[in-house]
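>>> mind folding the following:
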Amino acid sequence: MMQDWIRTALVGTANVSQDAATVADIDALLPAGRREQRILWQAGAFATYVNAGQPLVAATPAVAPAPEDVLPETPLALDSIMAAAVNGEIAGLGEWLVPRMLQAQRRLPASLLPAVLTKTATWQVWQPVIGLRGHWLAAQHPDWQRRLVARSDADMSEAALLRDWNEGDTATRAAALAALRTLDAAKARELLAAILPKEKAEQRLAFVQALASTLHADDEALLESLLDDRGQAVRKYAADLLARLPSSALMRRMKERADTCVRWGKSAGIVLGLGKKLTLTVEIPNDLPKDWVRDGIGETPVRGEGKRAYWLRQLLAFHAPRNWTDATGETPESLLELLSKDEWSDALLAGCAEAACHHANTEWAAPLLRLATSGSAALRLHQDRLWHAVTPTVRDAELCQQLKRGNVRTAHACLRELAAPWPSEVTRTFAQTFLVDEQQRRTPEELLQRYDLADIAQLALLRAADADLPLLSPIADLYAGCLSNAFAGTPSMLNRAREIVALIHAKQTVIKEMPL
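The predicted structure is shown next:
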């Protein structure tokens, strides 16, 4: 590494605000003189010092003391729990603790700061609660300081973003493009249009993907032109973005195609006096039209799905489901009943599910989710997305229904994504489900072998509201019983029991010692 005095000599003393340092023993003996003289004396003395075999230890300025933190540390009674959380001994506890510490206006104990700063994997979790002392300590270490700088000093000026756009790698340029669109969307669009023909397919796709977070109706002309791009992935993504613009020409074309392929009608009732009955007719082209391909419909399906069914599913994924409820005046439930009975039911239901998720149509997502959780094979792959597409009220009610029916694995996928704090009814229903299930199993071994229940038990303990934690105490007591000397389970079983018991004890202690 270049010495400070050499750097000063190269750039000129007039361009450096302070004298360079070499080694404390040398600098302390140098006589007074002009800065230029001092540099020459340092050079000669330093050469002699090195030739004498002395270590090259440069003088370092005194470190300013750490500033006083305004916020207090977490209570002393929690030190062992905080250490266990920081060291990862209680899985997931840190993600629960940090928001609570912020609400309680507490910071990490100073003794734990080195452990937090050295753990790259958990840095993002604990950074909000390291306090002023944590920032001071991070400034003393280059790697730690770089993390802080990367988090807080991002340059969002137009000049810096244009530099990144012109000089960066693909990821940097895509991020710069997305940021530039927040400053001047029209100018950013012009920059993109100018370079797209010159870029490779991978870069074109990355730049088009950067439009997603700031998509606007004014982007339609550019995206429409990309439907003729030479890269299939670019064409597909451009079509997906156009599908997010309800008034785009592509969406009008897709509606016309869907109305041609899937036709709703009315027929007279069999018995006189009954109203007209809703009918469904499905007709799919035998050959894929070229204009469908241009608009993003793929031609070759995955194994196990017929070509025409694949085309229909893709078409309906673009089609807004509310068009059918508006046109027929029927509820989604009524329309789905007919769709389920049609010979093309798998493609029809899967296409509707994709469309409901894509268009965030909660009216259609709710009955589709109920079909998925009732065992519809066509909707199995769409179940996770449907959980997120329904309203919280519908989601929580369906979760409770699945738990009451004992369909723990069905509910598990959504419970993993359910943010804290869980609704009280969900926590209560799970506790009841667990205890009923336990009563049907007479031995601790049988209880611990239900890994699905254990997974949700840990989630529930982490994400239950403070007031609902007592609902889960009987569950923790059951696992605590498994830790007795009388039970000789496998190591993995016993570790799971220990984790659950340690977690509830930690939360109970934190709630007591650090109330909100």
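>>> low-confidence ranges in the stretch 351-500 of the chain?
Flagging of the stretch 351-500 of the chain using pLDDT under 70 yields the residue ranges 437-452, 484-490.
>>> quickly find the element holding the residue nearest to L29 when sequence neighbours are not counted.
For L29, the nearest residue in space outside its immediate sequence neighbours is A45; the separation is 7.6 Å by Cβ to Cβ, 6 or more residues apart in numbering. Every residue, glycine included, has its C-beta placed from N, CA and C. Taking DSSP states H and E as the definition, A45 sits inside helix 35-51.
>>> in that helix, what counts as buried?
Within helix 35-51, the residues that qualify as buried are R38, I39, W41, Q42, A45, F46, Y49, counting by 16 or more other Cβ atoms under 10 Å.
>>> also stretch 174-192?
174-181, 185, 188-189, 191-192.
>>> put the alpha carbons of it into CSV.
Only the C-alpha atoms of stretch 174-192 are listed here, as CSV (Å, rounded to 0.1, in the frame of the first residue of the first chain):
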residue,chain,number,x,y,z
ALA,A,174,-30.8,-1.8,-14.9
ALA,A,175,-30.9,-0.3,-11.4
ALA,A,176,-29.8,3.1,-12.7
LEU,A,177,-32.5,2.9,-15.4
ALA,A,178,-35.2,2.2,-12.8
ALA,A,179,-34.0,5.1,-10.7
LEU,A,180,-33.8,7.5,-13.7
ARG,A,181,-37.4,6.7,-14.5
THR,A,182,-38.4,8.2,-11.1
LEU,A,183,-36.6,11.4,-12.0
ASP,A,184,-37.6,11.8,-15.7
ALA,A,185,-39.6,8.8,-17.1
ALA,A,186,-39.7,10.2,-20.7
LYS,A,187,-35.9,10.8,-20.8
ALA,A,188,-35.2,7.3,-19.4
ARG,A,189,-37.5,5.8,-22.0
GLU,A,190,-35.6,7.5,-24.8
LEU,A,191,-32.3,6.3,-23.4
LEU,A,192,-33.6,2.7,-23.3
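>>> quickly find the element holding the nearest residue to P67 once chain neighbours are set aside.
Nearest non-adjacent residue to P67, counting by Cβ to Cβ, 6+ apart: L132, 4.7 Å away. Under the assignment given by DSSP H and E, the secondary-structure element containing L132 is helix 131-138.
>>> tell me which other helices or strands that helix touches.
If contacts are counted by 3 or more Cβ pairs under 8 Å, 6 or more residues apart in numbering; DSSP states H and E, helix 131-138 sits against helix 113-118, helix 142-152.
>>> so what secondary structure elements neighbour whichever helix or strand comes after the longest one?
Yep, that's helix 142-152 we're talking about. Following helix 142-152 in sequence order, the next helix or strand is helix 158-167 (DSSP H and E). Taking 3+ Cβ pairs under 8 Å, 6+ apart as contact, the helices and strands that helix 158-167 lies on are helix 170-183.
>>> which elements pack onto the helix it packs on?
Secondary structure elements in contact with helix 170-183, counted by 3+ Cβ pairs under 8 Å, 6+ apart, are helix 158-167, helix 185-195, helix 201-209.
>>> buried deepest among those, which one?
For these, the largest average neighbour count (mean count of other Cβ atoms under 10 Å) is found in helix 201-209, namely a mean of 19.
>>> got a list of contacts for that helix?
By Cβ atoms under 8 Å, 6 or more residues apart in numbering, the list of residues contacting helix 201-209 from outside reads 170-171, 173-174, 177, 192, 195-196, 199, 223, 226, 229-231, 233-234, 237-238, 241.
>>> which parts of the helix or strand encompassing Q401 are buried?
For Q401, the host element (DSSP H and E) is helix 392-404. Residues of helix 392-404 classed as buried under the neighbour-count rule (16+ other Cβ under 10 Å) are V394, R395, D396, A397, E398, L399, C400, Q402, L403.
>>> okay but the second one is in contact with C414, surely?
Yes. Applying Cβ atoms under 8 Å as the test, R395 and C414 come out as touching, 6.7 Å apart.
>>> shared neighbours of the two, which are they?
Listed contacts common to R395 and C414 are W387; contacts here mean Cβ under 8 Å, 6+ apart.
>>> then the top helix by length along the chain to PDB, C-alphas only?
Criterion DSSP state H: the longest helix present in the chain is helix 491-513. These are the backbone C-alpha positions of helix 491-513, laid out as PDB (Å, rounded to 0.1, in the frame of the first residue of the first chain):
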ATOM      1  CA  PRO A 491     -31.500 -36.300  18.300                       C
ATOM      2  CA  SER A 492     -33.400 -34.400  15.700                       C
ATOM      3  CA  MET A 493     -36.700 -34.900  17.600                       C
ATOM      4  CA  LEU A 494     -35.100 -33.700  20.900                       C
ATOM      5  CA  ASN A 495     -33.500 -30.700  19.200                       C
ATOM      6  CA  ARG A 496     -36.900 -29.600  17.800                       C
ATOM      7  CA  ALA A 497     -38.500 -30.000  21.200                       C
ATOM      8  CA  ARG A 498     -35.700 -27.900  22.800                       C
ATOM      9  CA  GLU A 499     -36.000 -25.200  20.200                       C
ATOM     10  CA  ILE A 500     -39.800 -24.900  20.800                       C
ATOM     11  CA  VAL A 501     -39.400 -24.800  24.600                       C
ATOM     12  CA  ALA A 502     -36.500 -22.300  24.400                       C
ATOM     13  CA  LEU A 503     -38.500 -20.100  22.000                       C
ATOM     14  CA  ILE A 504     -41.600 -19.700  24.200                       C
ATOM     15  CA  HIS A 505     -39.500 -19.100  27.400                       C
ATOM     16  CA  ALA A 506     -37.500 -16.400  25.500                       C
ATOM     17  CA  LYS A 507     -40.600 -14.600  24.300                       C
ATOM     18  CA  GLN A 508     -42.300 -14.800  27.700                       C
ATOM     19  CA  THR A 509     -39.200 -13.300  29.300                       C
ATOM     20  CA  VAL A 510     -38.800 -10.500  26.700                       C
ATOM     21  CA  ILE A 511     -42.500  -9.600  27.000                       C
ATOM     22  CA  LYS A 512     -42.100  -9.400  30.800                       C
ATOM     23  CA  GLU A 513     -38.800  -7.500  30.900                       C
END
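>>> what lies in contact with it?
75, 77-78, 81, 84-85, 89-93, 96-97, 100, 445, 448-449, 451, 454, 457-458, 461-462, 466, 469, 472-473, 475-476, 479-480, 482-483, 489.
>>> residue contacts, E343?
Applying Cβ under 8 Å, 6+ apart, one finds that E343 lies in contact with V282.
>>> please renumber so the chain begins at 12
Done: numbering now begins at 12, and the last item shifts to E354.
>>> quick one: pLDDT of it?
pLDDT for E354: 95.
>>> again with G55
In this model, G55 carries a pLDDT of 78.
>>> quick check: it vs L40, distance?
Using Cβ to Cβ, to the nearest Å, G55 is found at 12 Å from L40.
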